[in-house]
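Asker: Build me a model:
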Amino acid sequence: MQDRYEELKRAEKGAIVSIVAYIFLSLIKISVGVTYQSAALRADGLNNLTDVFSSLAVLVGLKLARRPADDDHPYGHWKAETIASLITSFVMLFVGIQVFYSSFNRIIGGETIPPEKITGLIGFVGAIIMTGVYFYNLKLAKKINSEGLKAVAKDNLSDALTSLGTTIAIIGSMLGYVWMDGAMAIIVSLIIIKTGIEIFSDSAFSLSDGFNTTDLSNYKESILSLPNVLSVKDIKARKYGANVYVDVTILVDATLTVREGHQITENVERILRDCYGIIDIDVHVEPDQLDKII
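Answerer: I've put the predicted structure just below:
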């Protein structure tokens, strides 16, 4: 369990990298976008500004998740990480709707002014920076299995693609297709909303104890491959942040000794730990066809 706390501490570094990148990019994009009349770059900057707050929420969630179990939280504070992801989705939905509204009104009002070249350069540099941050956080998230950091990485990729699209739209606008700048601003807002909905869906699913049935099937198949396990009577799992808790009931030969039954439970725990990284496992052993023995 101590290793898991250390992994969450490492995940905080990824959130901090994102926060620094987002603060820098949001300030540059918003100021340049407003100064040189680019609705797309301004919207992209506002997108990055929301990411500052969402990454801060994830960082706080990771810090809270590292708090040890206490009387009020006997299972620990692991779900704080998932709650942080949920807060992230609310922030993104709110800003996405605001950006869509303002961009749509700007197009309807006929405010279409070709942006300057510097706006396209800023958008392109932003795409490169966020691509690098995305790969850094994705690699770290997979290595330590952090749901909060995975949400941040997903947002990083969305921002990189958004900045690239912003650059293309600005170039098109400078070439005479002035409408592209405003249209891209609306697309950016829809991307923000879509990402927010996805993060909300994943977080709500986890907080409501939803679990991937494919993963359960894989766990069951691995357990059945062990010697002396006749069948898996029942298997359930749920997530606490990035941690998976598995509760499984297996049937074994009723004539086995207590020592042999105990060894089987250890084998089940070992295979789930080694193959899937699960450390919280509750194995119930029941005799198969007990009525035939009595």
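Asker: can we go C-alpha only for contacts and neighbour counts from here?
Answerer: Noted.
Asker: This structure: strands as residue ranges?
Answerer: Along the chain, the stretches classed as strands by DSSP state E are 231-240, 243-253, 280-288.
Asker: Could you dump the ones you listed into a markdown table and include mean pLDDT and distance to residue 117?
Answerer: Written out in a markdown table, the entries for the strands of the chain read as follows (pLDDT from 0 to 100; distance: least, Cα to Cα, whole Å):
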| stretch | mean pLDDT | distance to residue 117 |
| --- | --- | --- |
| strand 231-240 | 87 | 48 |
| strand 243-253 | 88 | 48 |
| strand 280-288 | 88 | 55 |
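Asker: now the helices for the chain?
Answerer: According to DSSP state H, the chain carries its helices in the segments 2-35, 39-65, 79-108, 117-144, 147-174, 179-207, 213-224, 258-276, 290-293.
Asker: Make JSON lines from these and add distance to residue 235 and mean pLDDT to it.
Answerer: As requested, the helices of the chain are exported to JSON lines (distance: least, Cα to Cα, whole Å; pLDDT from 0 to 100):
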{"stretch": "helix 2-35", "distance to residue 235": "24", "mean pLDDT": "81"}
{"stretch": "helix 39-65", "distance to residue 235": "26", "mean pLDDT": "78"}
{"stretch": "helix 79-108", "distance to residue 235": "22", "mean pLDDT": "78"}
{"stretch": "helix 117-144", "distance to residue 235": "25", "mean pLDDT": "88"}
{"stretch": "helix 147-174", "distance to residue 235": "23", "mean pLDDT": "81"}
{"stretch": "helix 179-207", "distance to residue 235": "17", "mean pLDDT": "82"}
{"stretch": "helix 213-224", "distance to residue 235": "7", "mean pLDDT": "90"}
{"stretch": "helix 258-276", "distance to residue 235": "12", "mean pLDDT": "89"}
{"stretch": "helix 290-293", "distance to residue 235": "20", "mean pLDDT": "50"}
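Asker: okay if I get those helices as a markdown table plus mean neighbour count and distance to residue 246?
Answerer: Supplementary listing: the helices of the chain in a markdown table, determined by neighbours: other Cα atoms under 10 Å; distance: least, Cα to Cα, whole Å:
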| stretch | mean neighbour count | distance to residue 246 |
| --- | --- | --- |
| helix 2-35 | 19 | 17 |
| helix 39-65 | 26 | 19 |
| helix 79-108 | 21 | 16 |
| helix 117-144 | 19 | 19 |
| helix 147-174 | 25 | 18 |
| helix 179-207 | 22 | 14 |
| helix 213-224 | 15 | 9 |
| helix 258-276 | 15 | 9 |
| helix 290-293 | 9 | 25 |
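Asker: Now render these as TSV, adding distance to residue 284.
Answerer: Below are those laid out as TSV (distance: least, Cα to Cα, whole Å):
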stretch	distance to residue 284
helix 2-35	25
helix 39-65	28
helix 79-108	26
helix 117-144	29
helix 147-174	29
helix 179-207	24
helix 213-224	13
helix 258-276	8
helix 290-293	15
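Asker: Looking at those, which is nearest to residue 230?
Answerer: Checking those against residue 230 by Cα to Cα gives helix 213-224 as the closest, at 7.1 Å.
Asker: Kindly calculate the angle that that closest one makes with helix 258-276.
Answerer: Note on geometry: by axes from the mean of the first three to the mean of the last three Cα atoms, to 10 degrees, helix 213-224 and helix 258-276 are set 140 degrees apart in direction.
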